[in-house]
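Engineer: turn this into a structure:
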Amino acid sequence: MKFSLPVLFFSLSLPLVTYSQGAKDSLIHNIAVAKDDTAKVILLLKIADLYEMNQQDSAIYYLEQVKELAERLKFKRGLYKYYEQRSIVSFTTGNYTQSLEHNDNALAIAQELGDSTLLVSVLGNAGIIYQYLGKFDTQLEKSLQALAIMEKRGQKGRLSSMYHNIGNAYYNLKQFRKGVDYCLLSLKFDQQYGGNNYKNRVLASVAQGYNYLKMKDSALYFYKRAVSASEKQNDKYAIAAIYGYMADAYAESNEFVSMLEVSTKSLLLAKELQSRQLLASSLYTLGYAHYFNKEQAKSKIYTYEALKIAEEDSLNDELKNIYSVLSYVAAREEDFKTSLWAKAKSDSIRDGALNDEVLRTTTELQEKYEAEKRNNQIKLQQVELTQKNTLNYLLMVAIAAVLLVAFSLYRTYSHKQKLQRQRINELETEKKLMAAEAVLKGEEQERARLAKDLHDGLGGMLSGIKYSFNAMKGNLIMTPENHQAFERSMDMLDSSIKEMRRVAHNMMPETLVRFGLDTALRDYCNDINQSGALQVTYQSLGLENETFDPTTAITIYRIVQELVTNTMKHAAAKTSIVQLTKAKGELSITIEDDGKGFDTNILKQSKGIGWTNIQHRIEFLKGKLDVNSEPGKGTSVHIELNI
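Structural biologist: Residues are numbered from 1 along each chain as shown. Prediction:
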C-alpha cells in the first residue's frame, strides 16, 4: 500500500491550530453577528481551516460563503485564499483534477496581484498536484521554480516545506538518496527557522525514504515520530496514511502481528474520514495482514470488500495491489483458477499503467513536434512576406526620412518645452511638500511643547497646590459648612488635574513616543471603548515589530484619531473597526462604521479644518484616500501609504 503525504503551502494562510469544540462554537457564533466585510471573510477562512483535514463537507460549506462574499466585496486576497484552500480540500478528498483547476485560479490571482509570496505557494501546490497526476518531471520543475523565488527573497522560514516537496519529487523519480537528503534538510530548517506546520508529514517522508533504501529500523523510528506528531496536530488523514506505510515496513520485516495492529488502526481512521481511496487501501492492507497471520477467512472478507470499493471508484493503483493480494489468498485455498485470474488482472493493470505512461509521453512528443512544425511554417511564410514587402519599404524610406527629420526637429523642441514645464511642476510640488512637512513638524513640536508644559509645569503646580491644601486641612478648624466647601474645592482641583492630563495626552500621547504606533493606536481605541462613546475594534497585521519615523508615526496617529473623532461626532454609529496592515513596504488603513452614512460628494465642497488636516497629512505621506459611504449604509475609509 502506498499513500503520499505532501505538504500544501499556506502563504497568508491561517496557522494550523487545534481548537476545542467551545472555540469552534464561538467562531461560528461570531459569524451570525459579523458584518459583511473583509473581517468576516477572514473569520470564515479560519472556520473552514478547522474542518479542512477531518470534515471536508463542512470546510467546503464555509469556503463557498468565502467565495460569495469575497466576490461581492471585490476582495482579491480573500478570493485567492478561497481557491487555495478549496484546492487543498479537493486534494484531500482525492479529486486531483479539480484541485489543479482551483490551484490554477489561485495562480492567476497571485500573478494579477504581483505577490511573489503567493506565487511561491501556488507553485509549490502545483508541484504536489502534478505528483498525484503522475507528471513527476513537472512536479520537480514547479517545486524548483518556487524554491528559486524563496531563496532569492531569503524566506528561510518557508524553505522547510519547499525542501520537503522537492524530496518527494526525487522519490517519484526513483532518486531515493537525494530525496532523503532534501527531507532531512527540511527538518533541519524547521528546527532552525520554524515555519513548517506539517512536520509530521516531513517525518513520514523521511521514513519512506529509508524504507525505499531498505533501512527498516530507521524507517520505523521516523514513522513512529510521525504518528506522534500527527496526533498532536489532530491530522487524522496523515495518521491513517502513516499506519499504512508502517504496515508495509512491518510486512517486509516479517513482523506480522505489528502489521495487523497498525492496519486495523488505519482502517478505523479511514472509516471516520469517509475517504473511499483511503478506505480501499486500508481494507486490502488489513486483508494482507490477516493473510500473513494465517487468518484466511478474515483476509478474504477484507480483500473482497476493498475490491468492491476500488472497482466502483476505478481506483487503478489500489486495484493492482488488491488483485495481487487476492491471488495469494486464493492460492492458499488452492483455488488456482481465481489466483491466476487475479494475478493476470494485477499484471494487466500494471502493464496498462506503463502503456498509458508511454502513450502520454508519445503524445506529448507528437504535440511538441506538431507545434514546432507549425512554428517553422509560420516563420517561412513570414520570410516570404518580408521579401515581398522589402521593395515597398525601400520606396517609402526616402519619403519617411524627410518627414522624420522634420518631425524630429519639432519633437526635440516640444520635448524641451515639456521637460521645462515638468521641472517647474516638480519644483512647485516639492515646495508644497516641504511647506507641508514644515507645518506638520512645527505643529507636532508645538503640541509636544504644550503637552510638556502642561504636564510638567501646570500639572506640577496643581499637584503642589493640592498637597498644600491637604497639609492645611490638618492644621485648620473649620465649621461644617466650610469643611463641605473645602471638599468640593478639592474635588474640583482633582478634576482639573485629570482634565489637564487628558489634554496633554491628546496633544502628544506618551505611549506613542515610548512604545510605538501599534501600541498607541490600540490604547487609543481601548480608551474610547472604556468611555462608552463608541465600540471600536482594533486589528493590526505586520506591525508587531515595526518601527516608524517619529514624524510619520505621529502623522498616521493623527489621521486615525481625526477619522475616529469624526465617526463619534457625526456618524451616530454604535461600532467601528480600525484595521492597519503592513506588507511589502505598503501600509493600508481601513476605518469602517455602522453609522448613518452620507453622500461623499459633500467632501468636495468641505472646508472643515478636520477634513482638511486629514487630506494634508495623507498628501504629506504621498498616500491615496478612498471614501465609500451611502446614507443609511455606514462609512468605509481606505488609505494606502508607501512606508
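Engineer: run the chain-centre distance for the helix or strand containing residue 237.
Structural biologist: Following DSSP states H and E, one finds residue 237 within helix 236-252. Relative to the mean C-alpha coordinate of its chain, helix 236-252 is positioned 31 Å out (Cα atoms, centre = their mean, to the nearest Å).
Engineer: next secondary structure after that helix?
Structural biologist: Per DSSP H and E, the first helix or strand lying C-terminal to helix 236-252 is helix 256-273.
Engineer: tell me the mean pLDDT for that next one?
Structural biologist: The average pLDDT within helix 256-273 is 91.
Engineer: pull out the buried residues from that helix.
Structural biologist: Residues 256, 258-267, 269-270, 273 are the ones in helix 256-273 that count as buried (16 or more other Cβ atoms under 10 Å). Backbone N, C-alpha and C define where each C-beta goes, glycine included.
Engineer: show me where the protein dips below the pLDDT cut-off.
Structural biologist: In the predicted model of the chain, residues 1-24, 53-54, 353-385, 424-478, 482-483, 485, 487, 490-491, 493-508, 607 satisfy pLDDT under 70.
Engineer: where do the domain boundaries of it fall?
Structural biologist: Under automatic domain parsing, the residue ranges defining each domain of the chain are 1-153, 383-508, 515-642.
Engineer: which of those domains sits closest to residue 289?
Structural biologist: Among the domains of the chain, domain 1-153 comes nearest to residue 289, with 10.4 Å by Cβ to Cβ.
Engineer: kindly export the helix holding residue 237 (C-alpha atoms) in CSV.
Structural biologist: Coordinates of the C-alpha atoms in helix 236-252 are reproduced here as CSV (Å, rounded to 0.1, in the frame of the first residue of the first chain):
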residue,chain,number,x,y,z
LYS,A,236,-6.2,12.2,11.1
TYR,A,237,-5.6,11.7,7.3
ALA,A,238,-1.8,11.7,7.9
ILE,A,239,-2.2,9.2,10.8
ALA,A,240,-4.2,6.8,8.7
ALA,A,241,-1.7,7.0,5.8
ILE,A,242,1.3,6.6,8.1
TYR,A,243,-0.2,3.5,9.6
GLY,A,244,-0.5,2.2,6.0
TYR,A,245,3.2,2.9,5.4
MET,A,246,4.1,1.1,8.7
ALA,A,247,2.1,-1.9,7.7
ASP,A,248,4.4,-2.3,4.6
ALA,A,249,7.5,-1.8,6.6
TYR,A,250,6.4,-4.4,9.2
ALA,A,251,5.5,-6.9,6.4
GLU,A,252,8.9,-6.6,4.8
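Engineer: that one packs against which elements?
Structural biologist: With contacts defined as 3 or more Cβ pairs under 8 Å, 6 or more residues apart in numbering; DSSP states H and E, helix 236-252 has these neighbours: helix 199-212, helix 216-233, helix 256-273, helix 276-292.
Engineer: out of the domains of the chain, which one sits most buried?
Structural biologist: Across these, the average number of neighbours (mean count of other Cβ atoms under 10 Å) peaks for domain 1-153, which reaches a mean of 19.
Engineer: please state the offset of it from the chain centre?
Structural biologist: For domain 1-153, the distance to the chain centre is 8 Å (Cα atoms, centre = their mean).
Engineer: any chance of the helices and strands packed on helix 236-252 in TSV with distance to residue 61 as columns?
Structural biologist: Listed next are these as TSV, based on distance: least, Cβ to Cβ, whole Å:
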stretch	distance to residue 61
helix 199-212	26
helix 216-233	23
helix 256-273	17
helix 276-292	20
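Engineer: out of those, which gets nearest to residue 67?
Structural biologist: Using Cβ to Cβ as the measure, helix 256-273 is the one of the helices and strands packed on helix 236-252 that comes nearest residue 67, at 24.4 Å.
Engineer: and the closest one, what does it pack against?
Structural biologist: helix 236-252, helix 276-292.
Engineer: between the first one and helix 276-292, how big is the angle?
Structural biologist: In this structure, helix 236-252 runs at an angle of 30 degrees to helix 276-292, with axes from the mean of the first three to the mean of the last three Cα atoms, to 10 degrees as the basis.
Engineer: in helix 236-252, what's buried?
Structural biologist: Residues of helix 236-252 classed as buried by neighbour count (16+ other Cβ under 10 Å): 236-251.
Engineer: relative to residue 201, which of the residues you listed is nearest.
Structural biologist: Residue 201 lies nearest to residue 238 out of the buried residues of helix 236-252, by Cβ to Cβ, at 5.8 Å.
Engineer: I figured that closest one hits residue 230, correct?
Structural biologist: Yes: Residue 238 lies in contact with residue 230 (Cβ atoms under 8 Å); the separation is 4.4 Å.
Engineer: need the residues touching each of those two.
Structural biologist: Residues within reach of residue 238 and of residue 230 at once, by Cβ atoms under 8 Å, 6 or more residues apart in numbering, are 200, 201.
Engineer: closest to residue 509 out of the helices and strands packed on helix 256-273?
Structural biologist: With Cβ to Cβ as the criterion, residue 509 lies closest to helix 236-252 of those, at 48.8 Å.
Engineer: got the angle between the closest one and helix 216-233?
Structural biologist: For helix 236-252 against helix 216-233, the angle by the same axes, to 10 degrees is 160 degrees.
Engineer: helix 236-252 to helix 199-212, inter-axis angle?
Structural biologist: Using the same axes, to 10 degrees, the direction of helix 236-252 lies 20 degrees away from that of helix 199-212.
Engineer: can you give me the angle helix 236-252 makes with helix 256-273?
Structural biologist: Inter-element angle recorded for helix 236-252 and helix 256-273: 160 degrees (by the same axes, to 10 degrees).
Engineer: and residue 63, which of the helices and strands packed on helix 236-252 is closest to it?
Structural biologist: helix 256-273 (18.1 Å).
Engineer: what does that closest one rub up against?
Structural biologist: Outside helix 256-273, the residues within contact range by Cβ under 8 Å, 6+ apart are 54, 236-237, 239-241, 243-244, 246-247, 250-251, 278-279, 281-283, 285-286, 288-290, 292-293.
Engineer: do stretch 213-232 as well
Structural biologist: With Cβ under 8 Å, 6+ apart as the test, stretch 213-232 has contacts from 18, 176-177, 180, 199-201, 203-204, 206-208, 210-211, 236, 238-239, 242-243, 245-246, 249-250, 252-253.
Engineer: ditto for stretch 519-539
Structural biologist: Applying Cβ under 8 Å, 6+ apart, the contact partners of stretch 519-539 are 39, 509, 511-512, 540, 553, 557, 560-561, 564, 567-568, 573-580.
Engineer: run the last query once more with 6 Å
Structural biologist: Applying Cβ atoms under 6 Å, 6 or more residues apart in numbering, the contact partners of stretch 519-539 are 509, 511, 512, 557, 560, 568, 575, 576, 577, 578, 579.
Engineer: out of those, the closest to residue 101 would be?
Structural biologist: Nearest to residue 101 among the contacts of stretch 519-539: residue 579, at 32.1 Å, using Cβ to Cβ.
Engineer: can you verify that closest one is assigned to a strand?
Structural biologist: Yes: secondary structure of residue 579 (DSSP: H, G, I helix; E, B strand; the rest coil): part of a strand.
Engineer: what residues does it make contact with?
Structural biologist: By Cβ under 6 Å, 6+ apart, residue 579 lies in contact with 539, 590.
Engineer: if it is in a bridge, with which residues?
Structural biologist: Judged by DSSP bridges, the bridge partners of residue 579 are residue 539, residue 590.
Engineer: and it, how far from residue 556?
Structural biologist: Going from residue 579 to residue 556 by Cβ to Cβ, to the nearest Å gives 13 Å.
Engineer: residue 163 now?
Structural biologist: 39 Å.
Engineer: same check, this time on residue 115
Structural biologist: Relative to residue 556, residue 115 is positioned 24 Å away (Cβ to Cβ).
Engineer: likewise residue 128?
Structural biologist: Here residue 128 is placed at a distance of 41 Å from residue 556 (Cβ to Cβ).
Engineer: same deal with residue 196?
Structural biologist: 35 Å.
Engineer: dump the helices and strands packed on helix 256-273 to JSON lines, plus distance to residue 643.
Structural biologist: Shown next, in JSON lines, are those (distance: least, Cβ to Cβ, whole Å):
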{"stretch": "helix 236-252", "distance to residue 643": "41"}
{"stretch": "helix 276-292", "distance to residue 643": "48"}
